[in-house]
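Kindly return the folded structure for what I paste below:
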Amino acid sequence: MPPHNHTALVWPLFVCPLHRVAHSPITLLIVLGLGLSLWLGCDGVVDVVPGPAVELQVTPAGTSISGVGATATFSVEAWDADGTPLPSPTVTWSSLNPHVATIDEGGTATALASGQVTIVAEVDGRVGYALLTVSTPEVGPVTSWTVMAPPAVPLWDVWSTSPSDVFAVGSDGFILHYDGTEWSAMTSGASPYLFAVWGSSSTDVYTVGINGTILHYDGTSCSSMTSGTTDLLWAVWGRSSSDVYAVGGYGIIVRGIR
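Residues are numbered from 1 along each chain as shown. Down below sits the predicted model:
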């Protein structure tokens, strides 16, 4: 019976009387090496695949940035149990104080307020840390006031998103907007007194007033909302654009949610 193909290919390398090989260690090593080379794939090289990360190093370990919107980029080096570096580890980034700075999936942190924040990098369940310090230029308190051209009706409350985006509300459904240069009257579509104003942005503004009045401004126009009460509402404030509270007479509290 003819030998199998793989035997015919490999066996000629071992054409040597076994009793001679046994008495020649060098020959035995050469024969075994040649056979092993063929078994591994001709060149005898074995690719080493790194195992999971057991050690991380975040760079920089600590850094400082100044000003809201400033950024800092972090990177990670990771090694397995044998000390072999992981060439392209998959990193999950997080910020332990997102009110001070956030961090994106690429490792770039963005400053939001002054303070310190711990940046966390996770690879294969292992974590590494870095410290980011954010400073913001000191802004002094108000030292003087300037009278601006007053309207013909009393105003009760004011709120703004920036120096060029200010809202004021008052009697007879009066709403004013300041664009950084001048005040202009807005059409509220309501006549009751408006006592308070708050918004999450310039296109999400709420005003409240007498008889349970709640108006919403979407950046284009005002619309009336159903409050569920006819009591006077004195104040309005929100935790976010989807969670807003108004309070008023007789201990009334109304909550707006999406």
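
residues contacting Gly199?
With contacts defined as CB atoms under 8 Å, 6 or more residues apart in numbering, Gly199 is in contact with Trp159, Thr161, Phe167, Val205, Tyr206, Tyr217, Gly238. (C-beta placed from N, C-alpha, C; glycine too.)

Which segments of this structure make up each domain?
With automatic domain parsing serving as the domain definition, the record reports that the chain contains domains spanning 5-40, 55-135, 155-257.

Dump those into CSV; add mean pLDDT and distance to Pro141 as well.
Compiled in CSV, the domains of the chain are given as follows (pLDDT from 0 to 100; distance: least, CB to CB, whole Å):
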stretch, mean pLDDT, distance to Pro141
domain 5-40, 50, 76
domain 55-135, 92, 16
domain 155-257, 91, 16
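
Serialize these to a markdown table and add fields for distance to Met148.
What follows is the domains of the chain, written out as a markdown table (distance: least, CB to CB, whole Å):
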| stretch | distance to Met148 |
| --- | --- |
| domain 5-40 | 85 |
| domain 55-135 | 27 |
| domain 155-257 | 7 |
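
Out of the ones you listed, the one nearest Trp145 is which?
In this view, the domains of the chain are compared for proximity to Trp145 by CB to CB, and domain 155-257 is the closest at 13.2 Å.

neighbours around Pro98, how many?
For Pro98, the count of nearby residues is 11 (other CB atoms under 10 Å).

sorry, back to before: let's see if you can find the most crowded of the contacts of Gly199.
Each of the contacts of Gly199 was scored for neighbours by other CB under 10 Å, and Val205 scores highest at 25 neighbours.

Is it located within a strand, as I assumed?
Yes: applying DSSP: H, G, I helix; E, B strand; the rest coil, one finds Val205 inside a strand.

Let me see the contact set for it.
Each residue near Val205 by CB under 8 Å, 6+ apart is listed here: Trp159, Phe167, Val197, Trp198, Gly199, His216, Tyr217.

just Cys222 next, same as before
Residues near Cys222 by CB under 8 Å, 6+ apart: Ile175, Met186, Thr187, Ser188, Gly189, Ala190, Thr207, Leu215, His216.

Hmm, the first one is touching Thr207, no?
Yes: at 6.6 Å, Ile175 counts as touching Thr207 under the criterion of CB atoms under 8 Å.

what's the overlap in contacts for those two?
In the contact map built from CB under 8 Å, 6+ apart, the residues linked to both Ile175 and Thr207 are Phe167, Val169, Ser188, Leu194, Val197, Leu215, Tyr217, Cys222.
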